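**Q** predicted model and sequence follow; I will ask about them next.
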Amino acid sequence: MTSKLKIYNTLTNKKEDFKPIDPTHITMYVCGPTVYDYAHIGNARPVVVFDTLARLLRHDYGKLTYARNITDIDDKIIEASKKTGDDISVITEKFARIYEEDMAALNADMPNVVPKATDYIAEMITLIKDLIDKGNAYEVDGHVLFQVSTMKDYGELSNRKVEDLLAGARVEVASYKREAPDFILWKPSSDDQPGWDSPWGRGRPGWHTECSAMIDGIFDGNTIDIHGGGQDLIFPHHENEIAQSKCSHDGKALANHWMHNGYLTVDGEKMSKSLGNFITVHELLEEFRGMGEAIRMCLLTAHYRQPVDFSRDGIIQARKQLIRWYNATKEVEPTKPSIAVLDALRNDLNTPKAIMELNQLAKDESKKGELLASAQLLGLICEDHDKWRGGASVVSGGGTITTSGTAEYTTESVDKLVAERTEAKKEKNYSKADEIRNDLASKRVTLLDHPDGTTTWEKS
RNA sequence: GGUGCGGUGGCGGAGAGGCUACGCAACGGAUUGCAAAUCCGUGUACACCGGUUCAAAUCCGGUCCGCACCUCCA
């Protein structure tokens, strides 16, 4: 299948035609999580963005191998293990599982391959040996470092010059480094730290090593079409991956197209663990139960390279739009995605434009099938329509409804009031019916009357 | 200091020389016992100053402001 997909390439800072290496089989690798804690909503952005791209690539080209790694060996994990007393593997397995569940709730499909760093230690050791043999890396006291100045085109991704890096070191340079920008490929582990035997003693890999080794292993040493991740990975992570892979492969490119998503911000500032201004996907899914799709949509309302300022209002807005589309596509069978939506997505994944086109389709009674198929290409309108109809969705869980600053209502007491109101309506006692409606409205419970005389309700 | 991304109506957010998206909110109307949903209709915009052009939100120059990376971070 032909496509006129255009992608902004960080390597050239230009929007370019996407030229697949093999148009019958696209290859993509995206940096995944370090599993030591819950993922925050900012961490979910690349997942949703690249999941959407994966859907488009599968639609346009048929076959895609999409890999997303799990970093399950890292100093942060070691710290977490010290704190909780749990074994490393207990922590990594737990948070890897939660990550997958949370991302699934955002309608993000599992990638085809989900490699774990600890399954690729042997490959990493081979890579490091190779880099030492080729003169790009050196060993000092159990550490192995990549010597940046040995690579002439280092800095091509982030537009950095080695001279500047050599001169402008801001951080204190570790004593074992030959030069300031050198980065760790392998580091020694103490007895209480996890480690693997290597030619340089017992130790563990540096952060960047795994991606190069895994891409090598999964894609047989071939250049891949797309490598993606968040903007903060451009330097040093992706720059260093390029350095490792290119030097090991005699200058062959690691990936042709480098894509980086913008940040999710809070009050205009990047959401990050260190700033403490984060909210986890897990919490958000608790708060907006069953609304994973609205959270997904919220992340797609801005172009992937632009910042998205997180707000609960954004999720509520997205939810309203989704409800409209759900209502419009009841009993509708998906046909084919509309050309307008496809064109928007093929233009550097312009999801806001695509959403606009969905709204256009929603206005046309004859295009409901296209609307459904197009929305599903974006990973939206994928759920049971009944779940989204009316408002039944929000409260289906039951239990206590906490309303800010007012009395608490339970699903039972609301149901009882609704039944009372239904009686009142039958008796044409509308003043009483309205009283109940207003009372519940003040508790942010909205009643919905249906043509058949029944009433459902939702928490707003 | 270097590198990159921005500043669009009340809000979110596309567009990138002429046709001034779209959504949310607001307002008016139809409909509804009242609401909700739906339908019809209305308004307000391109940070600032110059320049190029018949025509600039869009191109060029400058100014101001914001964010990010340069250290672990999606």
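**A** Everything's here; your move. None of these values were measured; they are calculated from a predicted model.
**Q** CA only for contacts and neighbour counts going forward, please
**A** Noted.
**Q** can you pull the pLDDT of residue A:406?
**A** As summarised for this prediction, residue A:406 has a pLDDT of 42.
**Q** the helix or strand where residue A:419 lies: what's the following helix or strand?
**A** For residue A:419, the host element (DSSP states H and E) is helix A:411-426. With elements assigned by DSSP H and E, the helix or strand that comes after helix A:411-426 is helix A:430-442.
**Q** and the gap between residue A:60 and RNA strand B?
**A** For residue A:60, the distance to RNA strand B under the criterion CA to the nearest atom of the strand, to the nearest Å works out to 20 Å.
**Q** burial measure for that residue, as a count.
**A** By the criterion of other CA atoms under 10 Å, residue A:60 has 19 neighbours.
**Q** what packs against the helix or strand harbouring it?
**A** Residue A:60 belongs to helix A:41-61 when assigned by DSSP H and E. If you count contacts as 3 or more CA pairs under 8 Å, 6 or more residues apart in numbering; DSSP states H and E, helix A:41-61 packs onto strand A:26-30, strand A:64-68, strand A:224-230, strand A:255-261, strand A:264-266, helix A:292-300, helix A:339-346, helix A:368-377.
**Q** can you tell me which helix or strand of chain A has the lowest average pLDDT?
**A** The least trusted helix or strand in chain A, going by mean pLDDT, DSSP states H and E, turns out to be helix A:392-395, with a mean of 38.
**Q** and the residue nearest to residue A:454 when sequence neighbours are not counted, how many neighbours does it have?
**A** Spatially, and ignoring its direct neighbours in sequence, residue A:454 is nearest to residue A:422 (7.6 Å; CA to CA, 6 or more residues apart in numbering). A count of nearby residues for residue A:422, using other CA under 10 Å, gives 18.
**Q** same deal with residue A:174?
**A** So residue A:174, with other CA under 10 Å, has 10 neighbours.
**Q** a strand runs through it, doesn't it?
**A** No - applying DSSP: H, G, I helix; E, B strand; the rest coil, one finds residue A:174 to be coil, outside a strand.
**Q** residue A:99 - that's part of a helix, no?
**A** Yes - using three-state DSSP, the secondary structure at residue A:99 is a helix.
**Q** contact partners for the closest residue to it other than its chain neighbours?
**A** Closest residue to residue A:99 in three dimensions, ignoring its sequence neighbours and counting by CA to CA, 6+ apart: residue A:39, at 6.5 Å. For residue A:39, the contacting residues are A:33, A:99, A:280, A:281, A:282, taking CA atoms under 8 Å, 6 or more residues apart in numbering as the criterion.
**Q** phi and psi next, for the first one.
**A** Listed backbone geometry of residue A:33 is phi -90, psi 160, with angles given as degrees, to the nearest 10.
**Q** what distance separates stretch A:78-87 from the centre of its chain?
**A** Centroid displacement of stretch A:78-87 relative to its chain, using CA atoms, centre = their mean, to the nearest Å, is 26 Å.
**Q** what of stretch A:262-270?
**A** Here stretch A:262-270 is found 15 Å from its chain centre; the criterion is CA atoms, centre = their mean.
**Q** how about the helices of the stretch 51-200 of chain A, start to end?
**A** A:75-84, A:88-105, A:121-133, A:162-167 (DSSP state H, counting those that start in this stretch).
**Q** turn those into CSV, including mean pLDDT.
**A** Compiled in CSV, the helices of the stretch 51-200 of chain A are given as follows (pLDDT from 0 to 100):
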stretch, mean pLDDT
helix A:75-84, 94
helix A:88-105, 97
helix A:121-133, 97
helix A:162-167, 82
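**Q** follow-up on the earlier one: what's the angle between the helix holding residue A:419 and helix A:430-442?
**A** Helix A:411-426 and helix A:430-442 are oriented at 150 degrees to each other (axes from the mean of the first three to the mean of the last three CA atoms, to 10 degrees).
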